[in-house]
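Asker: Have a look; sequence and predicted model below, questions after that.
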Amino acid sequence: MNEPDPDIELLTRIGNNEPQAVDEMVSRKLPRLLALAGRLLGDADEARDVAQESFLRIWKHAANWRAGQARFDTWLHRVALNLCYDHLRRRKERPWDDAQELPEVIDPAPRPEDHLEASARSAQMEAALAALPERQREAIVLQYYQELSNIEAAALMNISVEALESLLSRARRNLRSDLAEPSGTADLGRGKP
Amino acid sequence: MTPERFGHLADAYGADLRRWPVAEQAAAQALLASAASPVLDALRQARELDQWLDSHQPAPVPAGLARQIAASAPRATVRSFWQRYAGWLSPAGFVGVGLAGIGAGMLVVSLSLPLHRSPDALPSIFEQSDAEIILNTPAEEIEQ
């Protein structure tokens, strides 16, 4: 954690109103934010909203960002996670929308043949991820996909490292179990506590 | 590190030791070098799931979204001369008009006052004798 924050220089340039720095920040963080929100929410439109709102927060805080506090990327994950929580909370408040908002079961049909198998595999994985209980999904997304350290992921989830390891173990066990089933039978139990 | 601990960590963090807690990586690497069977089994099982996880590709960034987000950032604008100085030109204009008003008022007042009866008050183009005539001639005679 003593490594210099790789985003500081870019933040300074954004604070100096350098248009190129803005573009660099977007290309550096947008795919990462969309992947995080997309995997946690399983909804492309909501992921897009989260990404846009996260960037508004970046623009607001960039000029006054001070090195030495939290790493910028960790702070950004905190912002995006909170926005994801808001979306998940709203879903629970509107249970009648849930059926409509379930992620589409991916249709492995018309795709170029080269991509067919990869696409089907990705779809199966997406369904298995969506079937995980929320906290397990959050743990695996932060630690595995977002490549955060165990300490950062645990801090973002407000749990101990031991609790994170327990969530990760259970998540991986559930995934293994789901993926062992024939394709397409994974339960889309998104929103489980 | 015991094989059990190794198995626990592989079960949580996967097969790539770089994803493991930094403090445990060296011990795990050393244990791996011993190539004990339970350790290798744990790693193989973890690797299978890692391959599944890696197969999930997030949706691509929607077209136009990056541009839209970049446009939402506050950007420095190149302002014209008038935009740059409009802030203080406006008060300066008021001050200028005020000063001009004061000047005009002083001029009006000075013109309405009688001339000082001193030859020095006349422009130097007049001779001294002319000054006496001008200043000493009654107004009625001048009008006639």
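Answerer: That came in fine, so what should we check first?
Asker: Just the element for the closest residue to B:P74 other than its chain neighbours, please.
Answerer: Closest residue to B:P74 in three dimensions, ignoring its sequence neighbours and counting by CB to CB, 6 or more residues apart in numbering or on different chains: A:W59, at 6.0 Å. Where C-beta positions appear, they are placed from N, C-alpha and C, glycine not excepted. Secondary-structure element containing A:W59, defined by DSSP states H and E: helix A:44-62.
Asker: Can you report the mean pLDDT over the residues of that helix?
Answerer: If you average the pLDDT over helix A:44-62, you get 94.
Asker: Render the CA-only coordinates of that helix in CSV, please.
Answerer: Coordinates of each C-alpha in helix A:44-62 appear next as CSV, following Å, rounded to 0.1, in the frame of the first residue of the first chain:
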residue,chain,number,x,y,z
ALA,A,44,-26.3,-2.9,-18.8
ASP,A,45,-28.5,0.2,-18.5
GLU,A,46,-28.1,0.3,-14.7
ALA,A,47,-24.4,-0.3,-15.1
ARG,A,48,-24.2,2.7,-17.5
ASP,A,49,-26.0,4.9,-15.0
VAL,A,50,-23.6,3.9,-12.3
ALA,A,51,-20.6,4.7,-14.5
GLN,A,52,-22.0,8.1,-15.5
GLU,A,53,-22.8,9.1,-12.0
SER,A,54,-19.3,7.8,-10.8
PHE,A,55,-17.6,10.1,-13.3
LEU,A,56,-19.6,13.1,-12.2
ARG,A,57,-18.2,12.4,-8.7
ILE,A,58,-14.7,12.2,-10.2
TRP,A,59,-15.0,15.5,-11.9
LYS,A,60,-16.3,17.1,-8.7
HIS,A,61,-13.4,15.8,-6.6
ALA,A,62,-10.5,15.7,-9.0
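Asker: could you say what helices and strands that helix packs with?
Answerer: Counting contacts by 3 or more CB pairs under 8 Å, 6 or more residues apart in numbering or on different chains; DSSP states H and E, the secondary-structure elements packed against helix A:44-62 are helix A:8-15, helix A:19-41, helix A:72-93, helix B:65-71.
Asker: Next, the angle from it to helix A:8-15.
Answerer: Using axes from the mean of the first three to the mean of the last three CA atoms, to 10 degrees, the direction of helix A:44-62 lies 80 degrees away from that of helix A:8-15.
Asker: got a list of contacts for helix A:44-62?
Answerer: Residues external to helix A:44-62 that are found in contact with it (CB atoms under 8 Å, 6 or more residues apart in numbering or on different chains): A:11, A:14-15, A:22, A:25-26, A:29-30, A:33-34, A:37-38, A:41, A:76, A:79-80, A:83-84, A:87, B:59, B:62, B:65, B:68-69, B:72-74.
Asker: got CSV for the helices and strands packed on helix A:44-62, with mean pLDDT, mean neighbour count and distance to B:D16 too?
Answerer: As requested, those are arranged in CSV below (pLDDT from 0 to 100; neighbours: other CB atoms under 10 Å in any protein chain shown; distance: least, CB to CB, whole Å):
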stretch, mean pLDDT, mean neighbour count, distance to B:D16
helix A:8-15, 91, 17, 28
helix A:19-41, 95, 20, 18
helix A:72-93, 92, 17, 20
helix B:65-71, 94, 16, 30
